[in-house]
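# Starting from these lines, generate the structure:
(2 chains)
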Amino acid sequence: MSNPVFEVENLSLHYLTRFGQKIHAVTDVSFQMKQGEILGIAGESGCGKSTLVNGLMGLFIPPLHPTSGDVRVGGESLMNRTPEDVRENVLSRKVSMIPQGAFNALNPTRKVKDIAADVIAAHEHGTSRAASYERLAERFALIFGKDATKILNSYPIQLTAGERQRSVIGISTLLNPQMVIADEPTSALDVSTQKVVIRMIFDLLDKGIFNSMIFITHELPLLRHVADNIAIMYAGEFVEKGTAEQIVFSPKHPYTKALMGAMLSAEPGQKDRKPTAIEGAPPSLAKTIEGCRFAARCPVAKPECTQKKQDIRMFADRLVRCDYAE
Amino acid sequence: MPSNTPIFSAKNIVRTFGSGKKLVKAVDDVSFDIADGEIVSIVGGSGCGKSVLAKIMLGLYKPSAGEFLYEGHEIVDQKDHWNEVQCVFQDPFSCFNQFFTIRSQLEAAFKIKKDKLTKEEISDRVDAGLLAVNVAPKDIEGKYPFELSGGQMQRMLLARIFALRPKVLIADEPTSMVDACVRANILDYLMKLKEELSMTIVFVTHDIGLSYYVSDRLFIMHDGKIVDSGKPDDVILKPTSPITVQLLDDIPEIHKDWIKR
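Numbering: from 1, shown residues only, chains lettered A, B, ... in the order given. Predicted structure coming up:
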């Protein structure tokens, strides 16, 4: 029994607005990840996915503040550090992030090799530029094969969207981080490029470049193929967490069911099944919410749902935050 | 009463960029007719030329060769053209000016219309447009674009279409920036546009699943050419071109095997 690579314990995060108001963006999130595991996190826009990402890196830049809880990588806590300390010692080595917009992540005035060499320079002081370039050539050869030199010597604008995204992933995983957090890494790509990028991520994972991964997206069909486990997030809370098969094929929480109902697919016989949008909007997180957060939009809500707080519990071999799940 | 003249008629159109060695054929010898009241999807990967084709339809580009007609005549004056042909783009935030309220911009959109309406009429039309996308007019009163979420902003773009009521809508990837829930929502509104206003919709997307639901006809584009076209059921369930087969194969469907670790 190996120790978990990544542990999150009752993590709550809030934003402090300039009027002194607290927005509780993430509430009471707990999970553990094993070596080699890919955890998918899904939910609609604004449910706190990206806030959670910042929290998981221990990167708290005002107005984001931790409320309570702990994040540990290989047993070491990431909480209560200054942003400088996090940048120096945590990012790239322990936890690394793959951002969504690859174009915004790369400096347009510099070549890919210089952007990447800066990452090495920032973390390993005294490494010579030539040595950095050598390491880069090696790593990029792993990703791009014989195109590696061409890619390294290009400016971001000269690359295609897929090459840019793969370069960003290459740079993010340069220092062999233990955890990689990918925030919608393929949402801006078309399906064919998406497949290439996912294949590359699997390849890096198999080669042991990084240990585990959190994959954030709202495409549940994609997660079914990519992730081992899936957690569904709603209004800052995990509402259901189970294996990919459980979540996609037999969702239990009403919100997960509704999410699956909104999916589209070009499969035979699917044209008559009309995708249904979930009516209404998530609750405001500025106030404390009593009762179930999904109650107002839930198709099967009972009168008591708006009053009674729902706790996450084991049900049908997975975690569900609904007392009436069936 | 639908006339027999097609809304758009393209005969061997080519659109090139650059010259000499760097010549790129973004649209390469494409011919098609789009009838009145039809929903047509143009599907393809990035860089296949689908957005260039959409811009030709909007009159933003002229074809380098070939003949492109809107209702039987060439597009001469852009403003005339936009009186009847309107668009929805991918990124709503780049479509609105951050320094003006949303409402003022929705009302300003009426400047493109030939028949001049009074202030009250415009205000009523904007209200109706907002209600059509389930937004209460008072909810956006005095609000600026940055105060709304991406999904809400995408709805504002659609509210503009509901208010303007153009004859033709060109939708260039209207759902690629929003999540699955909002996407199902936008899909509903697009269908509503067709039903209530019997609009002709050209839908440009890389999401083949979405196009399968909405369209009457589907074009698959690759490298500037239309490689497959027909009814969605025919194209998707009985693909003839290897490009379509590849495209379908790349979609992570729930019930189908995809790449494995």
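# is stretch B:195-205 up against chain A anywhere?
No - looking at stretch B:195-205 against chain A by CB under 8 Å from any CB of the partner chain, there are no contacts, and the closest approach is 9.7 Å. (Each C-beta comes from the backbone N, C-alpha and C, glycine too.)
# Quick check: end-to-end length of that stretch?
21 Å (CA to CA, to the nearest Å).
# Quick check, central residue of chain B?
Nearest residue to the geometric centre of chain B (CA atoms, centre = their mean): residue B:171, 1.2 Å.
# what about the nearest residue to residue B:113 once chain neighbours are set aside, neighbour count?
In space, and not counting its chain neighbours, residue B:113 is closest to residue B:83: 6.2 Å by CB to CB, 6 or more residues apart in numbering or on different chains. The local packing of residue B:83 (other CB atoms under 10 Å in any protein chain shown) involves 16 other residues.
# coming back round to it: quick check: can you name the pairing partners of the helix or strand where the residue nearest to the centre of chain B lies and their directions?
Remark: residue B:171 resides in strand B:168-172, with elements defined by DSSP states H and E. Partners of strand B:168-172 in the sheet, by DSSP bridges, are strand B:85-88 (parallel), strand B:200-205 (parallel).
# Other residues contacting the first one?
Contact with strand B:85-88 is made by B:54, B:57-59, B:70, B:157-158, B:160-161, B:164, B:166-172, B:174, as judged by CB atoms under 8 Å, 6 or more residues apart in numbering or on different chains.
# Bridged to the residue minimising distance to the centre of chain A, which residues?
Nearest residue to the geometric centre of chain A (CA atoms, centre = their mean): residue A:216, 3.4 Å. Note on residue A:216: beta-bridge partners by DSSP bridges are residue A:41, residue A:183.
# thinking again about what came up before, and the strand holding residue B:171, what's buried?
Of all the residues in strand B:168-172, those buried under the rule 16 or more other CB atoms under 10 Å in any protein chain shown are B:168-172.
# Report the distance from the next helix or strand after it to the chain centre.
Using DSSP H and E, the helix or strand that follows strand B:168-172 in sequence is helix B:180-197. Distance, stretch centre to chain centre, for helix B:180-197: 13 Å (CA atoms, centre = their mean, to the nearest Å).
# Tell me the residues of the stretch 151-261 of chain B that contact chain A?
Counting by CB under 8 Å from any CB, the stretch 151-261 of chain B sits next to chain A at B:151, B:176, B:178-185, B:187-188, B:206-213, B:232-233, B:236-237, B:246-248, B:250-256, B:258-261.
# Buried ones among the residues you listed?
For these, buried by 16+ other CB under 10 Å: B:151, B:176, B:178-185, B:187-188, B:206-213, B:232, B:236, B:247-248, B:250-254, B:258.
# what are the ranges of the strands in the stretch 151-300 of chain A?
When assigned using DSSP state E, counting those that start in this stretch, the strands of the stretch 151-300 of chain A occupy the ranges A:179-183, A:212-216, A:229-234, A:237-243.
# what's the second one packed up against?
Under the contact criterion of 3 or more CB pairs under 8 Å, 6 or more residues apart in numbering or on different chains; DSSP states H and E, strand A:212-216 touches strand A:38-42, helix A:49-56, strand A:179-183.
# Go through the buried residues of strand B:168-172 and name the one nearest residue A:237.
Distances from those to residue A:237 were compared by CB to CB; the smallest belongs to residue B:171, at 34.5 Å.
# Next one: the closest one, what pLDDT does it get?
Residue B:171 is assigned 91 on the pLDDT scale.
# Contacts only, for it.
When contacts are counted by CB under 8 Å, 6+ apart, residue B:171 touches B:87-88, B:190, B:201-205.
# need those in TSV with neighbour count and pLDDT, can you?
Output for the contacts of residue B:171, formatted as TSV (neighbours: other CB atoms under 10 Å in any protein chain shown; pLDDT from 0 to 100):
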residue	neighbour count	pLDDT
B:87	23	91
B:88	23	90
B:190	24	82
B:201	23	92
B:202	25	93
B:203	25	90
B:204	28	91
B:205	23	88
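# Wasn't residue A:32 part of a helix?
No - according to DSSP: H, G, I helix; E, B strand; the rest coil, residue A:32 belongs to no helix; its state is strand.
# beta partners for it?
The partner residues for residue A:32, given DSSP bridges, come to residue A:7.
# from memory it sits against residue A:70, does it?
No - if you go by CB atoms under 8 Å, residue A:32 and residue A:70 don't touch, sitting 12.0 Å apart.
# Overlap of the contact sets of those two?
Common neighbours of residue A:32 and residue A:70 (CB under 8 Å, 6+ apart) are A:7-8.
# hang on, the earlier thing: what's the closest of the helices and strands packed on strand A:212-216 to residue A:235?
The nearest among the helices and strands packed on strand A:212-216, by CB to CB, is helix A:49-56 at 11.4 Å.
# ok so, going back, take the strands paired with strand B:168-172 and write them to JSON lines, including distance to residue B:146.
Listed next are the strands paired with strand B:168-172 as JSON lines, based on distance: least, CB to CB, whole Å:
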{"stretch": "strand B:85-88", "distance to residue B:146": "20"}
{"stretch": "strand B:200-205", "distance to residue B:146": "26"}
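# what does the stretch 151-300 of chain A have sitting close to chain B?
Residues of the stretch 151-300 of chain A lying near chain B (CB under 8 Å from any CB): A:160-161, A:187-195, A:198-199, A:202, A:205-206, A:218-222, A:224-226, A:248-249, A:259, A:262-268, A:270-271, A:275-278.
# please redo it, this time with the cut-off set to 7 Å
Taking CB under 7 Å from any CB of the partner chain as the measure of proximity, the stretch 151-300 of chain A contacts chain B at A:161, A:190-193, A:195, A:198-199, A:202, A:206, A:218-219, A:221-222, A:224-225, A:248, A:259, A:262-268, A:271, A:275-278.
# where do the helices sit along the stretch 151-300 of chain A?
Taking DSSP state H, counting those that start in this stretch to define them, one finds helices in the stretch 151-300 of chain A at A:161-172, A:191-206, A:220-226, A:244-249, A:254-261.
# Between helix A:161-172 and the longest one, find me the angle.
The one in question is helix A:191-206. 20 degrees (axes from the mean of the first three to the mean of the last three CA atoms, to 10 degrees).
# Which of the residues in helix A:191-206 are classified as buried?
Buried residues in helix A:191-206, counted by 16+ other CB under 10 Å: A:191-198, A:200-202, A:204-205.
# next one: that helix to chain centre, how far?
With CA atoms, centre = their mean, you get 16 Å for helix A:191-206.
# Please find the angle between the direction vectors of it and strand A:38-42.
Per the same axes, to 10 degrees, the angle that helix A:191-206 makes with strand A:38-42 is 140 degrees.
# what's next to helix A:191-206, contact-wise?
Helix A:191-206 is contacted from outside by A:36, A:143, A:161-162, A:165-166, A:169, A:173, A:185-186, A:189, A:210, A:213, A:226, B:45-46, B:206, B:247, B:250-251, B:259, B:261, using CB atoms under 7 Å, 6 or more residues apart in numbering or on different chains.
# Could I have the PyMOL command that selects the buried members from those residues?
Selection of the buried residues among these in PyMOL, burial being defined by 16+ other CB under 10 Å:
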select buried, (chain A and resi 36+143+161+162+165+166+169+173+185+186+189+210+213+226) or (chain B and resi 45+206+247+250+251)
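# quick revisit: looking at the helices and strands packed on strand A:212-216, which is buried most?
Of all the helices and strands packed on strand A:212-216, strand A:38-42 has the most neighbours on average by mean count of other CB atoms under 10 Å in any protein chain shown, namely a mean of 25.
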